[in-house]
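**Student:** Just to be clear, the model below is a prediction. Sequence and coordinates:
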Amino acid sequence: MEAIVYEEFGGPEVLRHETGVAEPEPGPGEVRVKVAAVGVNPVDWKRRYGWVEAFYPTTFPAVPGLEFAGTVDALGEGVTDLAVGDEVLGWTKTGAYAEYAIAGTVAPKPAGLSWEAAASLPVAGETAQRVLDLLRVREGETLFLHGAAGVVGSVAVQLAVAAGITVIGSASESNHAYLRELGAIPVAYGDGLADRVRAAAPEGVDAVFDAAGHGVLPVAIELLGGEAAKERIVTIAATDAEEHGIVFSGVTGDPDDVRRGLTAQARLAAEGALTVRLAETLPLKEAARAQESSESGHVRGKIVLIP
């Protein structure tokens with residue numbers, strides 16, 4: 001089968017496009033999927049560099065990629081809840097940058113959802129909901145979301161606004177109109193960020209979701225009134241979180257909860273009530289280019305690969 005493979009940590013040059021890779025075989029309780037689309041995430045290139053081994057240990061040769069959309073192709077022994085031909089989206093156990101993959105946690109793909117949109121949802125949707133749950137943010141409260149125009153941030157904005165939460169979202173000026181469309185109050189990055197957030201939320205903020213990093217944790221602590229409020233700050237991007245006593249959330253939750261959440265989000269996406277902005281669709285063989293674009297930090301939306 002066609003797949004992207006790497007055998008050492010490093011830059012995008014370590015990624016190889018190969019066409020003779022053996023197809024994975026499903027074990028007991030597993031299913032194999034024919035991949036129709038793959039979502040590219042920052043964690044893909046962070047894993048390639050070896051930066052997140054504590055969360056995602058690597059065994060070489062490795063196939064990148066966590067999320068996919070595709071069709072169930074083969075069933076392992078004992079599988080009764082899925083059938084060959086079912087269209088699904090979710091996570092893989094063997095790497096998504098490939099024609100075939102062993103599925104992990106999956107949800108049904110609604111008929112009205114495109115392959116590209118389906119492949120864009122699992123990581124962003126699960127991450128956004130997980131952090132909102134950790135923050136215990138609820139209707140009537142105000143959330144400051146740093147990096148609100150990114151893929152995870154934009155999904156979190158939509159989920160929070162739908163739950164009756166006021167969202168103050170930081171982003172570059174070029175993304176402010178987009179955030180307003182999603183229902184957030186935009187503020188600009190850079191010096192004076194705390195003052196701009198206070199101006200947008202004169203009664204204060206109740207929780208902070210850091211989806212971008214870049215040294216925002218001291219600002220978050222200041223906005224919430226100091227050390228005692230740290231339990232209502234969660235980051236998915238700041239590598240110095242532990243130094244500040246802040247929770248870094250990088251691991252998915254209970255599989256049953258994740259499956260239920262993804263099923264609900266896929267339904268919302270098919271209805272047009274939840275969207276992920278698509279930046280670019282590329283053939284699988286251009287995976288290195290896709291990861292370079294993701295790493296640049298200048299992509300507006302999701303990059304999707306097509307095997």
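**Tutor:** Yep, that arrived. Residues are numbered from 1 along each chain as shown.

**Student:** show me where the stretch 201-307 of the chain has helices.
**Tutor:** Ranges of helices within the stretch 201-307 of the chain are 217-223, 241-244, 255-271, 287-296, based on DSSP state H, counting those that start in this stretch.

**Student:** quick one: which of the ones you listed is nearest Ser120?
**Tutor:** For these, the distance to Ser120 is smallest for helix 255-271, at 8.7 Å, taking CB to CB. C-beta coordinates here come from the backbone N, C-alpha and C atoms, glycine included.

**Student:** ok, residues contacting that closest one?
**Tutor:** Helix 255-271 is contacted from outside by 89-90, 104-113, 117-118, 121-122, 125-126, 129, 252, 274-276, using CB atoms under 8 Å, 6 or more residues apart in numbering.

**Student:** what mean pLDDT would you report for that helix?
**Tutor:** Taken as a whole, helix 255-271 carries a mean pLDDT of 93.

**Student:** ok, now stretch 86-100?
**Tutor:** Stretch 86-100 shows an average pLDDT of 97 in the prediction.

**Student:** Quick check: buried residues in it?
**Tutor:** Buried residues in stretch 86-100, counted by 16 or more other CB atoms under 10 Å: 86-92, 94-100.

**Student:** next one: stretch 110-127
**Tutor:** 110, 113-127.

**Student:** Of those, which belong to strands?
**Tutor:** Using DSSP state E, no member of the buried residues of stretch 110-127 falls in strands.

**Student:** For Lys302, which residues are in contact?
**Tutor:** Applying CB under 8 Å, 6+ apart to Lys302 gives the contacts 39-40, 120, 124, 151, 276-279.

**Student:** and what of Arg198?
**Tutor:** Taking CB under 8 Å, 6+ apart, one finds 204, 223 in contact with Arg198.

**Student:** Is it in a helix, a strand, or coil?
**Tutor:** Here Arg198 is helix, with the state taken from DSSP: H, G, I helix; E, B strand; the rest coil.

**Student:** How about Thr80?
**Tutor:** Secondary structure assignment for Thr80 (three-state DSSP): coil.

**Student:** per-residue confidence at it?
**Tutor:** Predicted confidence (pLDDT) for Thr80: 92.

**Student:** Tell me, how many residues neighbour it?
**Tutor:** 7 (other CB atoms under 10 Å).

**Student:** what does Gly85 give?
**Tutor:** Neighbour tally, Gly85, other CB under 10 Å: 8.

**Student:** OK, contacts around it?
**Tutor:** 71-72.

**Student:** what about it, is that helix, strand or coil?
**Tutor:** Per three-state DSSP, Gly85 ends up coil.

**Student:** Could you pull up the mean pLDDT of stretch 215-231?
**Tutor:** Mean predicted lDDT for stretch 215-231 stands at 88.

**Student:** in it, what counts as buried?
**Tutor:** Buried, per 16+ other CB under 10 Å, within stretch 215-231: 216-217, 219-221, 223-224, 229-230.

**Student:** same check, this time on stretch 254-262
**Tutor:** Here stretch 254-262 shows 258-259, 261-262 as buried, counting by 16+ other CB under 10 Å.

**Student:** any idea which of the residues you listed is closest to Gly27?
**Tutor:** Nearest to Gly27, judged by CB to CB, of the buried residues of stretch 254-262 is Arg259 at 19.4 Å.
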